[in-house]
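Q: no FASTA, just this:
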């Protein structure tokens, strides 16, 4: 996505390119939803975007055809399929690819896993292996929400509609588990503290894994891998040498860092740095502040 501006629905980028409107949700939703972003791109050629593991959840509403998606461990063999009008992508340890034909118009909602669990009321493991159609989660309401959003004339009105829909669901969803919230905060602060963080919950290892699968969608160990990857990508994007990144982020050595980055992003570290082009975390290319979520792929 391109620079944030104040364009409204129905107005394509004036000279081709990409425009976006980003806003935080209503105050009551901010512990669960990170942001809303309305987007409209208009290019003369297809665009390929690599989506990296972030530990967060993305709900995408598409107002136009021509978007294809795939979750894959091998970029060369990714099998793309048409995106549904509203789809949810949960936390993952492998990359995803999004391809559009040049013109794409829609809106995305980025949220925490616990926020998704509360707002949609189903275990997060439901989102583990695939992009999930919103109708599978909300039924008829999910089927018509995209149409309602598209029919509104401005992004401000669309964001307000989402605020209303999500606020109405707050009292119906499951309560967040403070032990899981604390463990997530501890792991983000120090990905090498898995044993200490686990012990602080007071749960057995089996109970901890079960609660993480329910509230987050990944095991504690997988969450730690994703968070460590994010810390490493932040440093690599800033130009830090790979050997220093490996030591700072708790990898055994530089080779271990390279294997993990390749396994979880589909790219070796040097290729990631080249494609990233020096953009800081939370740039206009990224879905949310402070995280490295995307790179543009050539060809």
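A: On my side now, so go ahead. Keep in mind that what you see is a predicted model, and the values were worked out from it rather than measured.
Q: those strands in the stretch 151-299 of the chain, which residues are they?
A: Per DSSP state E, counting those that start in this stretch, the stretch 151-299 of the chain carries strands over the ranges 294-297.
Q: and the longest helix seen in the chain, what does it pack onto?
A: Longest among the helix segments of the chain by residue count, using DSSP state H, is helix 220-237. On a contact count with 3 or more Cβ pairs under 8 Å, 6 or more residues apart in numbering; DSSP states H and E, helix 220-237 meets helix 178-189, helix 194-201, helix 205-215, helix 242-249, helix 254-265, helix 269-276. C-beta here means a position set from N, CA and C on the backbone, and glycine is covered the same way.
Q: what would those helices look like in TSV with distance to residue 105?
A: Below are these laid out as TSV (distance: least, Cβ to Cβ, whole Å):
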stretch	distance to residue 105
helix 178-189	33
helix 194-201	42
helix 205-215	33
helix 242-249	37
helix 254-265	27
helix 269-276	25
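Q: tabulate those (CSV), appending mean pLDDT.
A: Shown next, in CSV, are the helices and strands packed on helix 220-237 (pLDDT from 0 to 100):
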stretch, mean pLDDT
helix 178-189, 95
helix 194-201, 93
helix 205-215, 95
helix 242-249, 97
helix 254-265, 97
helix 269-276, 96
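Q: those: which one's closest to residue 135?
A: helix 205-215 (22.3 Å; Cβ to Cβ).
Q: name the residues of that closest one that are buried.
A: Neighbour-count burial for helix 205-215 flags 208, 209, 211, 212, 213, 214, 215 (criterion: 16 or more other Cβ atoms under 10 Å).
Q: what sits up against it?
A: With contact meaning Cβ atoms under 8 Å, 6 or more residues apart in numbering, helix 205-215 is reached by 113-114, 117, 123-125, 176-177, 179-180, 183, 198, 201, 203, 218-220, 223.
Q: one more time with 6 Å
A: Residues from elsewhere that reach helix 205-215 (Cβ atoms under 6 Å, 6 or more residues apart in numbering): 114, 117, 123, 125, 177, 180, 198, 201, 219, 220.
Q: before we move on, back to that, out of the helices and strands packed on helix 220-237, nearest to residue 284?
A: Closest to residue 284 of the helices and strands packed on helix 220-237 is helix 269-276 (Cβ to Cβ; 12.7 Å).
Q: touching that closest one from outside, list them.
A: Here helix 269-276 has contacts from 236, 237, 242, 258, 261, 295, using Cβ under 6 Å, 6+ apart.
Q: now do 10 Å
A: Helix 269-276 is contacted by residues 50, 52, 232-233, 236-240, 242, 245-246, 254, 257-258, 260-262, 265-268, 283, 285, 292, 294-298 when judged by Cβ atoms under 10 Å, 6 or more residues apart in numbering.
Q: weed out the non-buried ones from those.
A: Of the contacts of helix 269-276, these count as buried by 16+ other Cβ under 10 Å: 50, 52, 232-233, 236-237, 242, 245-246, 254, 257-258, 260-261, 265-267, 283, 285, 292, 294-295, 297.
Q: just checking, residue 160 touches residue 152?
A: Yes. Shown here, residue 160 and residue 152 form a contact pair, counting by Cβ atoms under 10 Å, at 8.6 Å.
Q: sec struct for residue 45, please.
A: Three-state call for residue 45 (DSSP: H, G, I helix; E, B strand; the rest coil): coil.
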